[in-house]
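# Following is a predicted model, sequence given first.
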Amino acid sequence: MSAGVLTPPSGPTFHLRDPDRARALGDLIRRYAPPYPVRIVHVCGTHEMAIAQHGLRSLLPGGVEVLEGPGCPVCVTPTVDLDRAAKLAAAGAVLCTFGDMTRVPGTRVTLAEARAQGADVRVVLSAADAVDVARSLPDRDVVFFAVGFETTAPGTAAVLLDSPPPNFYVLSSHRLIPPALGALLSGPPAPIAGFLAPGHVSTIIGARAYRFVAERYHVPVVVAGFEPLDILYAIALLLRQLREGRAEVENAYPRAVSEDGNLHAQALLARAFVPCDAVWRGIGLISSSGLRIREELAHLDAEREFPVPAEPGEEKPPGCLCSEVLLARAVPAECPLFRNGCTPLSPVGPCMVGSEGACNVWYRYGGRPDL
Amino acid sequence: MCLAIPTKVLTLDGNVATVDVQGVQARVRLDALGEEVRIGDYLLVHAGFAIRRLDPQDAAETLALFDELFALDPQGAPPPEGAGS
Ligand code: SF4
């Protein structure tokens, strides 16, 4: 996850970090910033990490705030789903999931705690790894607890459609980004001036997926990459739109995002899933924001194959400001528990667990550098 | 979580490529890509699946985009001396 990972050793550079251009973009940002305060929201843990790690907030004028909304899949996975996964594991299934998921508090236990109590919970790096686990354990039911946005879901779709072994199942807790942007804008007024759209979600869904935000809500969207210069450039474009009174979708990451996106991956998603209403932890129900496994693949759907009564879980631990953080209404430092009872080693809320959760990132890198 | 990283294709075997990630070899599935892949190509990889082919040339084009913005706004800071690294 370190920034250095972005550059293959001997290959061409994918780094965009020259300090002169960074300064020049900072100057443009200051010139474009309107005379009133603006709140820009991104929805991507990787953006938050880049912003915090490179201290980009120090280049922004005082009135320009950038907040992470519901950009961490681990943070928004509802306790209902976590509890269901824990119950399946407790009932004897081998539960495979991505690393951070094992440490998120459910209603009663985390999956790591379930494992300590004897459940077989395994960390995988890919949906394909979970299929390998199923192949290696033909006598066990293996459930892949699938979380993540549009970047991750095509991998899950690919394995669902690739005739997995009969003991392999998927518990789908995938979530979709565009409906979440709509929800942030249609709730009680949150003063969001514009969105930085997540680059790699957009690689899949294409820049066009955000048009409704510009057209229906008159809020500008700029698709942003992950290098420091990418992010500064995207912020500059966004502020320029505000200054000129435009609300459009601009693509500041054309080297990885096209207008239409990855049509092949979109087709996989459509063959494996149908959109469904889904709960986001800390936010609530957002219509058509989840992915349910298609009827034709029902035999692979852990939710259908192993119905577990879902209890309404405790979405938000007492005192935790996660909902406000996920709704881009607060920054982590505004939570009284931040660093003060809630730390990555003993997290109170999900935003401190996920390595892409705003609280976790701010704890590790400091969110707003004092310069 | 949506972090995707550029990797270089070393070998190909059906819908699986072996790629180089910072000197470490990893196997990557190609079935979410929908593009033809050749050895030596760069792929953007997320959670074990390639999601897009990258053209190294495009990084330079991105820098050109930034400079275009500077040029559009001559009052903004002009691209500094020696930029282009
Ligand atoms: S610091 Fe902890 S308790 Fe406060 S909002 Fe973040 S995760 Fe919740």
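Here it is on my side, so go on. Numbering: from 1, shown residues only, chains lettered A, B, ... in the order given.
# ok, now which ones touch the residue of the stretch 101-250 of chain A found nearest chain B?
With CB to the nearest CB as the measure, residue A:126 is the residue of the stretch 101-250 of chain A nearest to chain B, at 2.6 Å. No exception for glycine: its C-beta is placed from N, CA and C like everyone else's. Each residue near residue A:126 by CB atoms under 8 Å, 6 or more residues apart in numbering or on different chains is listed here: A:155, B:29, B:47, B:48, B:49.
# Ok, residue B:48 next?
Residues counted as contacts of residue B:48 (CB under 8 Å, 6+ apart) are A:125, A:126, A:127, A:128, A:129, A:155, B:26, B:27, B:28, B:29.
# Turn those residues into a markdown table, including distance to the ligand, pLDDT and secondary structure.
Listed next are the contacts of residue B:48 as a markdown table, based on distance: CB to the nearest ligand atom, whole Å; pLDDT from 0 to 100; DSSP: H, G, I helix; E, B strand; the rest coil:
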| residue | distance to the ligand | pLDDT | secondary structure |
| --- | --- | --- | --- |
| A:125 | 25 | 93 | coil |
| A:126 | 27 | 95 | coil |
| A:127 | 27 | 97 | helix |
| A:128 | 31 | 96 | helix |
| A:129 | 29 | 96 | helix |
| A:155 | 28 | 97 | helix |
| B:26 | 32 | 91 | strand |
| B:27 | 35 | 93 | strand |
| B:28 | 33 | 94 | strand |
| B:29 | 34 | 96 | strand |
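# just for the stretch 51-200 of chain A, where's the confidence low?
By pLDDT under 70, the weakly predicted segments of the stretch 51-200 of chain A are A:187-190.
# now the strands: where do they sit in it?
A:64-68, A:94-97, A:120-123, A:142-148, A:168-174, A:194-198 (DSSP state E, counting those that start in this stretch).
# Rebuild those as CSV, extending it with mean neighbour count and distance to chain B.
Output for these, formatted as CSV (neighbours: other CB atoms under 10 Å in any protein chain shown; distance: least, CB to the nearest CB, whole Å):
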stretch, mean neighbour count, distance to chain B
strand A:64-68, 23, 12
strand A:94-97, 26, 12
strand A:120-123, 18, 12
strand A:142-148, 28, 6
strand A:168-174, 26, 11
strand A:194-198, 28, 6
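# okay if I get those strands as a markdown table plus distance to residue A:283?
A markdown table is the format used below for the strands of the stretch 51-200 of chain A (distance: least, CB to CB, whole Å):
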| stretch | distance to residue A:283 |
| --- | --- |
| strand A:64-68 | 13 |
| strand A:94-97 | 21 |
| strand A:120-123 | 26 |
| strand A:142-148 | 15 |
| strand A:168-174 | 14 |
| strand A:194-198 | 16 |
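# Compare the ones you listed and give me the one nearest residue B:7.
Minimum separation from residue B:7 across these (CB to CB) falls at strand A:142-148, 19.0 Å.
# Contacts only, for the residue of chain A found nearest the ligand.
At 2.7 Å from the ligand, residue A:349 is the closest residue in chain A, using CB to the nearest ligand atom. Residue A:349 makes contact with A:105, A:316, A:317, A:320, A:321, A:322, A:337, A:342, A:359, according to CB under 8 Å, 6+ apart.
# and which of the residues you listed is nearest to chain B?
For the contacts of residue A:349, the nearest to chain B is residue A:359 (15.2 Å; CB to the nearest CB).
# List the contacts of the closest one.
Residue A:359 neighbours (CB under 8 Å, 6+ apart): A:322, A:325, A:332, A:335, A:338, A:342, A:347, A:349, A:351, A:352.
# Can you pick out the most distant pair from the contacts of residue A:349?
A:105 and A:321 (15.2 Å).
# So for those two, which residue has more residues nearby?
residue A:321 (24 against 20; other CB atoms under 10 Å in any protein chain shown).
# just the strands in the stretch 251-371 of chain A please.
Using DSSP E, counting those that start in this stretch, strands in the stretch 251-371 of chain A cover A:273-280, A:284-293.
# Chain B: which of the ones you listed is closest?
strand A:273-280 (13.3 Å).
# Looking at the closest one now, give me its mean pLDDT.
Per-residue pLDDT values over strand A:273-280 give a mean of 96.
# Report the contact partners of the closest residue to residue A:328 other than its chain neighbours.
Spatial nearest neighbour of residue A:328, chain neighbours left out: residue A:69 (3.9 Å); criterion: CB to CB, 6 or more residues apart in numbering or on different chains. By CB under 8 Å, 6+ apart, the contact list for residue A:69 reads A:41, A:42, A:43, A:180, A:184, A:326, A:327, A:328.
# at 10 Å instead, please
A:41-44, A:48, A:76, A:177, A:180-181, A:183-184, A:190, A:192, A:195-196, A:283, A:325-329, A:358 (CB atoms under 10 Å, 6 or more residues apart in numbering or on different chains).
# Of those, which qualify as buried by neighbour count?
A:41-44, A:48, A:76, A:177, A:180-181, A:183-184, A:192, A:195-196, A:283, A:325-329, A:358 (16 or more other CB atoms under 10 Å in any protein chain shown).
# got the residues of the stretch 51-200 of chain A near chain B?
Counting by CB under 10 Å from any CB of the partner chain, the residues of the stretch 51-200 of chain A close to chain B are A:71-75, A:98-101, A:124-129, A:147-159, A:161-162, A:177, A:198-200.
# Can you say which of those residues are buried?
For these, buried by 16+ other CB under 10 Å: A:71-75, A:98, A:100-101, A:124, A:126-129, A:147-159, A:161, A:177, A:198-200.
# I'd like to know which of the contacts of residue A:349 is nearest to residue A:213.
Distance to residue A:213, by CB to CB, is smallest for residue A:322 among those, at 23.8 Å.
# Identify the residue nearest residue 38 in space, chain neighbours excluded?
All of this is about chain A. Distances taken as CB to CB, 6+ apart place residue A:193 nearest to residue A:38, at 4.0 Å, with adjacent residues excluded.
# hmm, I had chain B in mind actually
residue B:9 (7.1 Å).
# And what about the one you found, helix, strand or coil?
Secondary structure, DSSP: H, G, I helix; E, B strand; the rest coil: residue B:9 is strand.
# do the same with the one 10 residues further on
Secondary structure of residue B:19, reduced to three states by three-state DSSP: strand.
# any idea how far it is from residue A:78?
34 Å (CB to CB, to the nearest Å).
# Wait, residue B:30 touches residue B:7, no?
No - applying CB atoms under 10 Å as the test, residue B:30 and residue B:7 come out as separate, 11.8 Å apart.
# Quickly list what's touching both of those two.
B:17, B:43, B:45, B:50.
# Out of those residues, which comes closest to the ligand?
Nearest to the ligand among the shared contacts of residue B:30 and residue B:7, counting by CB to the nearest ligand atom, is residue B:45 at 29.7 Å.
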